[in-house]
Each structure stands twice: as structure tokens, then as C-alpha cells.
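Asks: show me how the following folds:
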Amino acid sequence: MTPPSRSHALEGGSRSVCLWLFVVAGFVFTMVVVGGATRLTGAGLSITEWKPVTGAIPPLDEAAWAAAFDKYRASSQYHLINQGISLANFKVLYWWEWAHRLLGRWVGVVFAAPFIAFLALRRLPRPLIGRCFLLLGLGGLQGLVGWWMVESGLEGRASVAPERLLAHLGLALLLLAALVWTALDAGFGVAPPDRSRRQDAWGWATLGFAGFVFFQCLLGALVAGNAAGLIDNDWPLMGGRVFPADYWQSDFWTTLAHGRPSVQFNHRLIAYGLIAYGLGLAVVGVRRRSQLPAVAPLAMLCAGLLLAQAGLGVATLLLGDPLVLALGHQANAALLLVSATALAWQSHRKPGIPIPYE
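Replies: Below is the predicted model of the structure:
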């Protein structure tokens, strides 16, 4: 991003607030990756209780481990998938989920403690105060949604409900994008509304691209929640067909959210449109580099991440969803969303305005 010139003033620049918000965004990104690992290893249901404070302390002796193991052995996942699992193997699952929850607690601390300090010292730019309260609320809601998701897999299922996984991942990615946008506003100043560019097609196109990426991530959550990547492991066809024979399930909701062939097909179809969209933006961005010099590199970055994401997706599918590739696919999706958010933010800036830093 190119810093604006010193002809007019933006409101609310703060390098320290910018750094703080990017650090929190880094924690949220790590949460997304570790959360993917807990899902792929089947570890997400290994802790069957939600204790926001005391749950930060793991079992410290053999009696505590035995108690945690007994609670897990009462779950449906144990009876349907992991019956007979050893205590040693249970500990591996437990540590993955414990690390994920611990990261969630650290996200709260890393956000809340500096937030309170910035407010007390009056170092938080006024235009960002309300937004930061909203970010704090989203973070708290994410914890509640996470437990709501886990709860769906403790009785009668061997995994969490796909639509609840979608809500949990979607909220995490929404929080990540909002943190990045707010951090950029803190670093470069909050721009006043630019009425002259309100109807700018490029600005709307980049905002639409970020929304498109987010929507595709939600479809990916449905694929993950239904383990739909384990079927029809050919490409570009599905089971040797352009359109899967068993696409339609018993009803619309089942087809949309629970049909393994349908959710995989929808994810593939949207991916093709997203690639065309992203590559088109990159071409236009390069052509507009003289007008908006910061746009072209971001548009090219998005295009590169988009092509890498497609390659990771195809490789993950063809190889039967191996852990490393599946994690890479999820991590790259989060990076793509961050880059798309930065592109949309940059495209809505009014150039030529300086920043009053703290």
C-alpha cells in the first residue's frame, strides 16, 4: 500500500494500534490452521466439556487423564469410530484440541488487554473505538459458536454438524478479515467517504471478489464437514461424469448442506467462477497501475494465491485428502481472504490524504 501524500488529513492513524491488530490477526490465522488440524485428526471432540477458565489447565496426573478419557469413551465418536483407542492415542487427540482452545483464550487476552490499555491511555483512534468493541464481541461469540459446534458431535454423531462447522469457520474468517481491514485503517488512517468514487466499478468489483472468496470458504467448510473430499476423487470429472448422478438428495436442505456429491460439486463450480473473476481483476489491475499503483501488486498476489489454492484443492482431492495438503489448502484460503480484503480496502481509498499519527 502506498502512503498518501500530505495535502489533506485522514483521521485516526496509529502505528501501535495497527501493529496490535495485525498481531491479533496472526493469532486468528493460526487458530484457523490449528482448527483445521483438529478436524482432520478427529481431535475436535476429544474434550467433551466447555470450561472457559478452568479448562485452560490440562490433566496433570494419571487420575485426571483417566477421568478425561472416561468422559471421551462416553461420546458417540468413541463408540462409532475410535472404540478401543489407547490412552496414549487419546492424549494425542486431546493435545490438539487443547491447543486449539488455548489459542482461542490467548486471542482473547491478546486482544482485550491492549484494548483496555489503549482506551485507558486514550491512544485508540476515536473512529476505531466502536469497531474494536465489535471485534471483541465477535471474538466472544466465536467461543460460544465453537462449543455449539462441538456439542453437535457429542451425541448421536461421530463428527460435528457441517452447518455448525460452517458457522464456526465463517465467523473466524469474518473476524480475520475485519481485523485486517481495521488494522489497515489504523496504519493508514480512516478515510472519509469518497463520494466521487462511490460508484466506481473497480471498488465494487474488488469488494465483490472478497465476498466471493469468503463464500467459497463457507462451501469448503461444508465439504470438510461432510468429508466430501473422500469421494469422487477424480478431476475434472466427478465419478467419470460432468454432473454427479447422485447430486440431488432427499430435499433441498439435505442437498445443499449434507449431500456429499452436491457439496463437492458446488465447491468445484464456484471455484471455476472465482478463478475467472480473480484473473480478470489481475488483468484490469495491471492496466490501472498508473492510476492506482498499489492495486496491481495486490491484484497479482490474489491471482497467484488463487491459482495456488486451485492446485492445492485438486491435489488434495486426487490424493485422498492427506493431512499436509488439506491443511495447506485451508491455510492458503485464509491468506487469499486476507489478500482480497487488502485489495478491497486499497481500492476504496481516496489517494492524496496524509495520516495524523499518534
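Asks: would you map the helices across the stretch 251-358 of the chain?
Replies: Assignment of helices within the stretch 251-358 of the chain using DSSP state H, counting those that start in this stretch yields the ranges 252-253, 260-287, 295-318, 323-347.
Asks: tell me the angle of the second one relative to helix 323-347?
Replies: Using axes from the mean of the first three to the mean of the last three Cα atoms, to 10 degrees, the inter-axis angle of helix 260-287 relative to helix 323-347 is 40 degrees.
Asks: what comes up buried for helix 260-287?
Replies: 260-268, 270-271, 274, 277-278, 281-282, 284-285 (16 or more other Cβ atoms under 10 Å). For glycine as for every other residue, the C-beta is placed from the backbone atoms N, C-alpha and C.
Asks: am I right that G153 is in a strand?
Replies: No - counting by DSSP: H, G, I helix; E, B strand; the rest coil, G153 falls outside a strand, being coil.
Asks: so what does the lowest-mean-pLDDT helix or strand in the chain touch, helix or strand wise?
Replies: Using mean pLDDT, DSSP states H and E, helix 76-80 stands out as the lowest-scoring helix or strand of the chain, at a mean of 91. On a contact count with 3 or more Cβ pairs under 8 Å, 6 or more residues apart in numbering; DSSP states H and E, helix 76-80 meets no helix or strand.
Asks: how far does that helix sit from the chain's center?
Replies: Here the centre of helix 76-80 is set off from its chain's centre by 28 Å, with Cα atoms, centre = their mean, to the nearest Å.
Asks: which SSE is immediately downstream of it?
Replies: helix 87-121 (DSSP states H and E).
Asks: does F111 touch V24 like I think?
Replies: Yes - using Cβ atoms under 8 Å, F111 is in contact with V24, at 5.0 Å.
Asks: so where do the helices sit in the stretch 101-250 of the chain?
Replies: Counting by DSSP H, counting those that start in this stretch, the helices of the stretch 101-250 of the chain are 126-151, 162-188, 201-225.
Asks: list the contacts for L325?
Replies: 312, 315-316, 319 (Cβ atoms under 8 Å, 6 or more residues apart in numbering).
Asks: closest to V107 among those?
Replies: L312 (25.6 Å; Cβ to Cβ).
Asks: roughly how far apart are that closest one and P244?
Replies: 22 Å (Cβ to Cβ, to the nearest Å).
Asks: ok so, going back, adding mean pLDDT, write the helices of the stretch 251-358 of the chain out as TSV.
Replies: Below are those laid out as TSV (pLDDT from 0 to 100):
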stretch	mean pLDDT
helix 252-253	93
helix 260-287	95
helix 295-318	96
helix 323-347	95
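Asks: S76: which of the ones you listed is closest?
Replies: Per Cβ to Cβ, nearest to S76 of those: helix 260-287, 19.7 Å.
Asks: so how far is that closest one off the chain centroid?
Replies: 18 Å.
Asks: per-residue pLDDT, V17?
Replies: V17 is assigned 94 on the pLDDT scale.
Asks: please read the previous query as pertaining to A88.
Replies: 94.
Asks: residue contacts, it?
Replies: With Cβ under 8 Å, 6+ apart, A88 has no contacts at all.
Asks: tell me the one of the contacts of L325 nearest W65?
Replies: Using Cβ to Cβ, the contacts of L325 come closest to W65 at T316, 34.0 Å.
Asks: who's in contact with that closest one?
Replies: For T316, the contact set (Cβ under 8 Å, 6+ apart) comprises 229, 322, 325-326, 328-329.
Asks: any stretches of the stretch 101-250 of the chain with poor pLDDT?
Replies: 191-199 (pLDDT under 70).
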